[in-house]
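**Q** What shape does this take:
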Amino acid sequence: MNVRRLFALTFLVACSCGAVVACSDAAERQGFPDDDGGSASLPPEASVPEASDEDARAPFDPADRPVVCADAGACAVELVAGDRHFCARMSDGTVQCWGDDELGSLGRGVAQPVGADASVPPRVAPVKGVAGATEIGAAGETSCALASGAVWCWGANKNAELSAPSDYDPHPDAARVALGALGDATRLDVGHGSICARLSSGQLACWGKDDEQQLARSQEDAGVWPIVRAPGVAAIGALPVARVKTGSHTTLALTPTGELWTWGAVSGDEGLVSGRVSSISPALVPKRVARIASVTSLAVSATVVDEPGGGHGGPWFGLFPWPEPEPRAHACAIASGEVYCWGKSEVGALCTGMPDVEKEPAHARIGVKAWPQRVAVADEITCVRMTDGTIQCCGSDRKGRLGTGSVALYAPSFVPASAFTGRAVQVATSHDAVCALLEGGGVECWGSNAHGELGRAPDDEDHPSPVKITFQVTP
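**A** Residues are numbered from 1 along each chain as shown. As a prediction, this is how the structure comes out:
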């Protein structure tokens, strides 16, 4: 029995038992001409939504709503997430972080792992040595900030993310990345093991993990491909890049006109976001993803492999033996106001109604009048912030991270994070928790607090309703 049939059977049982958050039919797919003039199994809704309750909505507007600080002394204006931690850029240019700090991801000068002396509060505190930040980023256990053309990073350096020789030590002090003669940075994108910065020259500089050519760098050592690299210019020719999102094996780049390009591990059984490293034929030359256009938001998860027996909230219910764990990863984009996801999920994080592998972007319908405006993904979860400030999520509801106010198993299609009643301008997802940045500059989080993701002392409870983050007030 293949995964689709098994999921369908389990899904019907779950719906009849009320065991899932949301039960809905997957949208019927219709073909449209592919690059070769044939027919592809993808819907045409990216440009013209089908007739539905969505017809009465206003035209799609991709522009973000600004934060209007309600409390100038503790006002967040940007929110990012790593695997088990979050960081917020404050209106005064400082950065405050919370969550797991085993490798110094919070930038406090001294790493504080979970279970450390609880007498070292507060749980949310500023990053030492970072001021005047204009942009921040986080992925895995690494955090970075852009300030006055310089990139500062702290936390994990497993793949030379800090531009120093790679190691497994904690790095709780923010260190300036050695860009040297490359010049100043004007934009920062922190990925899963790799980091890229747009330079004032207009070029793209990348460093860190390069085992699948995800940095698009020329092969400097004949016959040997380095695993990690110091900062250097990506060999992408004249391709203009507005934003970069790097997965564990693949890089996805957006152009200023909304085209999506990819390089690195772009082939194999898992499609554009690969988990099957053994089947990959790395590609250094950027390849355009022609199935979607006018992309305004993009997110890529890390590749994750579960321990035997699962643990990510899978749909097996104990009725079937657990299969051997396989790598999985996914990405989602908002194109012309519609959500498209691809990669591999086992509990519906592609939001299409089924957990299949999608090698190309597949439409994920939401079915409400508001438009999806920003997307965030992590291990087996996808969330979007809507134009009306609400949040919709799909995937595993482990620890209540779907935000419905109660804990279920999973949702293979988008459901409202109904316990969140504020108006969000950004949403960020860690492996097991979700945080929303409110238009007044506050932050609310829900889901797991096993690593202090809710900005308080760690616990093992479910938190399906939002908890307010308390920032340190600056003078």
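**Q** where do the helices sit along the stretch 201-350 of the chain?
**A** Taking DSSP state H, counting those that start in this stretch as the criterion, the stretch 201-350 of the chain carries no helices.
**Q** just for it, where's the confidence low?
**A** 219-225, 266-284, 307-325 (pLDDT under 70).
**Q** Quick one: residues contacting residue 449.
**A** Listed by Cβ atoms under 8 Å, 6 or more residues apart in numbering, the contact partners of residue 449 are 399, 433, 456, 458-459, 461, 463, 467. Just so you know, the C-beta spots here come from the backbone N, C-alpha and C atoms, and that holds for glycine as well.
**Q** how about it, phi and psi?
**A** Dihedral pair for residue 449: phi -130, psi 20, per degrees, to the nearest 10.
**Q** Model confidence for the closest residue to it other than its chain neighbours, exactly?
**A** Once flanking residues are discounted, residue 449 sits nearest to residue 459: 5.3 Å by Cβ to Cβ, 6 or more residues apart in numbering. Residue 459 carries a pLDDT value of 93.
**Q** for residue 473, same thing?
**A** Residue-level pLDDT assigned to residue 473 equals 88.
**Q** these two touch, right, it and residue 74?
**A** Yes. Contact criterion Cβ atoms under 8 Å: residue 473 and residue 74 qualify, at 4.8 Å.
**Q** of these two, who's got more company?
**A** residue 74 (22 against 10; other Cβ atoms under 10 Å).
**Q** Distance check, that one against residue 385.
**A** 21 Å (Cβ to Cβ, to the nearest Å).
**Q** on that earlier part again, and the contacts of residue 449, which is closest to residue 158?
**A** residue 433 (22.2 Å; Cβ to Cβ).
**Q** for that closest one, which residues make a bridge with it?
**A** Beta-bridge pairing of residue 433 under DSSP bridges involves residue 447.
**Q** Tell me who's in contact with it.
**A** 86, 99, 399, 401, 445-449, 453-454, 463.
**Q** Next: residue 390.
**A** 370, 416-417, 420, 424.
**Q** Which of those fall within strands?
**A** Of the contacts of residue 390, the ones assigned to strands by DSSP state E are 416, 424.
**Q** and which of the contacts of residue 390 is nearest residue 407?
**A** Closest to residue 407, out of all of those and judged by Cβ to Cβ, is residue 417, at 13.1 Å.
**Q** Contacts only, for the closest one.
**A** 383, 390-393, 402-404, 434, 446.
**Q** Dead centre of the chain: give me the residue that sits there.
**A** residue 377 (3.7 Å; Cα atoms, centre = their mean).
**Q** pretty sure it is in contact with residue 302, am I right?
**A** No. Residue 377 lies out of contact with residue 302 (Cβ under 8 Å); the separation is 9.5 Å.
**Q** my read: residue 247 touches residue 301, true?
**A** Yes. Between residue 247 and residue 301 there is a contact at 6.7 Å, judged by Cβ under 8 Å.
**Q** what's the neighbour count on the closest residue to residue 233 other than its chain neighbours?
**A** Excluding the flanking residues, the one nearest residue 233 by Cβ to Cβ, 6+ apart is residue 203, at 5.0 Å. Neighbourhood size, residue 203 [other Cβ under 10 Å]: 15.
**Q** who's in contact with residue 203?
**A** Applying Cβ under 8 Å, 6+ apart, the residues contacting residue 203 are 182, 233-234.
**Q** how about a cut-off of 10 Å?
**A** 182-183, 197, 232-234, 236, 241 (Cβ atoms under 10 Å, 6 or more residues apart in numbering).
**Q** Please narrow these to those residing in strands.
**A** Those of the contacts of residue 203 lying in strands (DSSP E): 197, 232-233.
**Q** Could I get those residues in CSV, plus columns for distance to residue 80 and neighbour count?
**A** Listed next are those as CSV, based on distance: Cβ to Cβ, whole Å; neighbours: other Cβ atoms under 10 Å:
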residue, distance to residue 80, neighbour count
197, 15, 29
232, 24, 19
233, 25, 16
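**Q** could I get those residues as a markdown table with distance to residue 66?
**A** Listed next are those as a markdown table, based on distance: Cβ to Cβ, whole Å:
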| residue | distance to residue 66 |
| --- | --- |
| 197 | 24 |
| 232 | 35 |
| 233 | 33 |
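**Q** Closest one to residue 178 out of those residues, please.
**A** residue 232 (11.1 Å).
**Q** Chain neighbours aside, what residue packs nearest to the closest one?
**A** residue 217 (5.6 Å).
**Q** Isn't residue 462 up against residue 404?
**A** No. Contact criterion Cβ atoms under 10 Å: residue 462 and residue 404 do not qualify, at 11.4 Å.
**Q** So which of those two has more stuff around it?
**A** Neighbours per residue (other Cβ under 10 Å) separate residue 462 from residue 404, with residue 404 holding more: 22 against 17.
**Q** if I read this right, that one contacts residue 410, doesn't it?
**A** No. Assessed by Cβ under 10 Å, residue 404 is found out of contact with residue 410, at 11.7 Å.
**Q** on that earlier part again, farthest pair within the contacts of residue 433?
**A** 86 and 399 (14.9 Å).
**Q** So which of the two has more stuff around it?
**A** Between residue 86 and residue 399, counted using other Cβ under 10 Å, the more crowded position is residue 86 (31 against 23).
**Q** now the contacts of residue 390 as JSON lines including distance to residue 63 and pLDDT?
**A** What follows is those, written out as JSON lines (distance: Cβ to Cβ, whole Å; pLDDT from 0 to 100):
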{"residue": "370", "distance to residue 63": "14", "pLDDT": "95"}
{"residue": "416", "distance to residue 63": "23", "pLDDT": "98"}
{"residue": "417", "distance to residue 63": "22", "pLDDT": "98"}
{"residue": "420", "distance to residue 63": "22", "pLDDT": "98"}
{"residue": "424", "distance to residue 63": "15", "pLDDT": "98"}
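**Q** one step back: OK, contacts around the residue nearest to residue 232?
**A** 205-207, 210, 225-226, 229-230, 232-236, 284.
**Q** Quick check, the residue nearest to residue 449 in contact with residue 123.
**A** No. In this structure, residue 459 is not within contact of residue 123 by Cβ under 10 Å, at 11.7 Å.
**Q** Can you pick out the residue with more neighbours from these two?
**A** Neighbours of residue 459 and residue 123, each counted by other Cβ under 10 Å, are more numerous for residue 123; the result is 22 against 12.
**Q** what ranges do the strands span in the stretch 201-350 of the chain?
**A** Taking DSSP state E, counting those that start in this stretch to define them, one finds strands in the stretch 201-350 of the chain at 204-209, 228-233, 243-246, 250-254, 260-264, 283-288, 295-300, 330-335, 338-343.
**Q** Which one, of those strands, ends up nearest to residue 81?
**A** Across the strands of the stretch 201-350 of the chain, closest to residue 81 is strand 295-300 (Cβ to Cβ), at 10.3 Å.
**Q** Please tell me how far that closest one is from the chain's geometric centre.
**A** 9 Å (Cα atoms, centre = their mean, to the nearest Å).
**Q** Could you list the low-confidence segments of the stretch 351-475 of the chain?
**A** Using pLDDT under 70, the stretch 351-475 of the chain drops low at 355-356, 475.
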